[in-house]
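Enquirer: Starting from these lines, generate the structure:
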Amino acid sequence: MPRTVHVFDHPLIQHKLTLMRRKETSTTSFRRLLNEIGSLMAYEVTREMPTQELEIETPMERMTGRVIDGKKLVFVPILRAGTGLLDGFLSVVPGARVGHIGLYRDPKTLVAIEYYFKMPGGMAERDAIVLDPMLATGHSAVAAVDRLKEANPRSIRFVCLVSCPEGMRAFGHAHPDVPIFTAAIDRQLNDHGYILPGLGDAGDRIFGTK
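Expert: This next block holds a predicted model:
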């Protein structure tokens, strides 16, 4: 298992996740709920984000407040489903940069195959947050972080909506230094690499594909 696993137990996150799991939830509703839950997860995952002092003028007097440097944060969705979380995260930290890692899962071997990689410059001074709704076999997450580490970001965190013990073990074995943030640790994988009880294929439900 990873050294650090954070499970989001906020009632609003759990409520929205339950609505997303329902098979009758429409594509429109699923997408909206994912956007909303992304905002809530962004709030939680940035809780320990560093701040710096800034002197400002209020209508009454001068004071010193604290601000974040959003430009030092990089959101890295794993294509394609990870983009479903991106807007929610950007609504909380609009100044963040965005990188992309394109991976698809071979349907026979379940191995992740890369087809796209693009990061902002100066990654050594940036904190990366990898976004993917599902941590199933862990192959995509491991491959994404393998590749991301080549860019040498200051720190890496992995955020997913739903995970499972198999994916946790695989990710933790490969990247014990990267903390996982998730809203649920489900029971297990089925023979096709899907999480049970899960919520189905997140990409298909976001984009209305089959």
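Enquirer: so what's the residue positioned nearest the centre of the chain up against?
Expert: With distances taken as Cα atoms, centre = their mean, Leu131 lies nearest the centre of the chain, 2.4 Å away. Taking Cβ atoms under 8 Å, 6 or more residues apart in numbering, we find Leu131 in contact with 38, 75-78, 82, 85-86, 89, 159-160. Glycine gets a C-beta too; all of them are placed from N, C-alpha and C.
Enquirer: now these in a markdown table, with distance to Met123?
Expert: A markdown table is the format used below for the contacts of Leu131 (distance: Cβ to Cβ, whole Å):
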| residue | distance to Met123 |
| --- | --- |
| Gly38 | 22 |
| Phe75 | 13 |
| Val76 | 10 |
| Pro77 | 16 |
| Ile78 | 17 |
| Gly82 | 18 |
| Leu85 | 20 |
| Leu86 | 18 |
| Phe89 | 18 |
| Val159 | 18 |
| Cys160 | 21 |
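Enquirer: could you flag which of those residues are buried?
Expert: For the contacts of Leu131, a burial check counting by 16 or more other Cβ atoms under 10 Å picks out 38, 75-78, 82, 85-86, 89, 159-160.
Enquirer: Cross these against helices and list the overlap.
Expert: Secondary structure from DSSP state H places 38, 85-86, 89 of these in helices.
Enquirer: Quick check: of the residues you listed, which lies closest to Leu19?
Expert: Nearest to Leu19 out of those is Gly38 (Cβ to Cβ; 14.3 Å).
Enquirer: Which pLDDT value belongs to the closest residue to that closest one other than its chain neighbours?
Expert: The shortest distance from Gly38 to any non-neighbouring residue, by Cβ to Cβ, 6 or more residues apart in numbering, is to Gly88 (2.2 Å). If you check Gly88, the pLDDT there is 93.
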